[in-house]
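Engineer: sequence-free structure coming up:
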Ligand code: GLY
């Protein structure tokens, strides 16, 4: 059974953190409708959607991926790099404690889950404005006993590593080669985004399909030409908050 933990969009979403985007008017009702459509797609693809407690006072609370990294046998509770986001982890920790042993990123180190790309026993972690080198070392020290190999990775141009690259099949990465080196992923094939859609590398593989934002039609064509089944979601308002399709859920396999 696959549980997808989500959280409702905060009424304060327009006050979210922004790193690489200019702030522009954001329609919170529209963002809520987009998030509900996304939750419906998660359900259609086989996940059981459970909402975490609402955090109306935390603008970025909907981006639950940044609060934890869930692996088969352990979960990492992060310490997000934006101080405004650090209170988001408490409710995530409470819920995940029922499913996995937990390890933690400890102060002063910081790490956002959006910088963590899991590929089997390899875990690529992007060095970013949110994720520090000492956090990567802490994660490596705590996950090595579980048999994981942690690989630090440089990238540019975007907020999180998974804005630049996501794993869309067992042996395939979708990536923006202007933001991350394809050669970093030894043993994986690379499918590149359409250059007109630099933000199109964030995709979520689930239930035999790939969830991808509706407005990235050119990259969608590349995914379909590669034989993938694409399920689209609207992400116009959420994208103004530097969202992605991986950010809005935490996937947990349970017996
Ligand atoms: N607004 C998403 C983030 O900056 O964390």
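Structural biologist: On my side now, so go ahead. Note that the coordinates shown come from a computational prediction; the quantities given were computed from them, not determined experimentally. Numbers count the residues shown, from 1 in each chain.

Engineer: Please give me every residue in contact with residue 41.
Structural biologist: 211, 231, 233 (C-beta atoms under 8 Å, 6 or more residues apart in numbering). Quick note: C-beta positions are derived from backbone N, CA and C, even for glycine.

Engineer: ok, the residues you listed vs the ligand, which is closest?
Structural biologist: Distance to the ligand across those (C-beta to the nearest ligand atom) is lowest for residue 233, with 17.2 Å.

Engineer: Counting neighbours, what do you get for the closest residue to that closest one other than its chain neighbours?
Structural biologist: Spatially, and ignoring its direct neighbours in sequence, residue 233 is nearest to residue 38 (4.7 Å; C-beta to C-beta, 6 or more residues apart in numbering). By other C-beta atoms under 10 Å, the residues close to residue 38 number 25.

Engineer: what kind of secondary structure is the closest residue to the ligand within the chain in?
Structural biologist: Going by C-beta to the nearest ligand atom, the ligand is nearest to residue 17 of the chain, at 3.4 Å. Under DSSP: H, G, I helix; E, B strand; the rest coil, residue 17 falls in the coil class.

Engineer: residues contacting the residue lying closest to it once chain neighbours are set aside?
Structural biologist: Take residue 17 and drop its neighbours on the chain: the residue closest to it by C-beta to C-beta, 6+ apart is residue 82, 4.6 Å away. Counting by C-beta under 8 Å, 6+ apart, residue 82 touches 17, 60, 130.

Engineer: Whichever of those residues end up buried, select them in ChimeraX.
Structural biologist: A single ChimeraX command selects the buried members of these (16 or more other C-beta atoms under 10 Å):
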select :17,60,130
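
Engineer: quick revisit: tabulate the contacts of residue 41 (CSV), appending pLDDT, distance to residue 87 and secondary structure.
Structural biologist: Listed next are the contacts of residue 41 as CSV, based on pLDDT from 0 to 100; distance: C-beta to C-beta, whole Å; DSSP: H, G, I helix; E, B strand; the rest coil:
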residue, pLDDT, distance to residue 87, secondary structure
211, 98, 28, strand
231, 98, 32, strand
233, 98, 27, strand
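
Engineer: got these as CSV, with distance to residue 75 columns?
Structural biologist: Formatted as CSV, the contacts of residue 41 follow (distance: C-beta to C-beta, whole Å):
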residue, distance to residue 75
211, 22
231, 26
233, 25
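
Engineer: Pretty sure residue 61 sits against residue 53.
Structural biologist: No - counting by C-beta atoms under 8 Å, residue 61 stays clear of residue 53, with 9.3 Å between them.

Engineer: which neighbours do the two share?
Structural biologist: Joint contacts of residue 61 and residue 53 (C-beta under 8 Å, 6+ apart) are residue 7.

Engineer: Which positions in the helix or strand residue 139 falls within come out as buried?
Structural biologist: If you go by DSSP states H and E, residue 139 is part of helix 133-143. By 16+ other C-beta under 10 Å, the buried positions in helix 133-143 come out as 135-136, 138-140, 142-143.

Engineer: Stretch 246-255 too?
Structural biologist: Neighbour counts over stretch 246-255 (16+ other C-beta under 10 Å) mark 246-250, 252 as buried.

Engineer: Return only those of these found close to the ligand.
Structural biologist: By C-beta under 6 Å from any ligand atom, no member of those lies near the ligand.

Engineer: okay, now the closest residue to residue 213 other than its chain neighbours: neighbour count?
Structural biologist: Spatial nearest neighbour of residue 213, excluding adjacent residues (C-beta to C-beta, 6+ apart): residue 235 at 4.1 Å. Residues near residue 235, counting by other C-beta under 10 Å, number 27.
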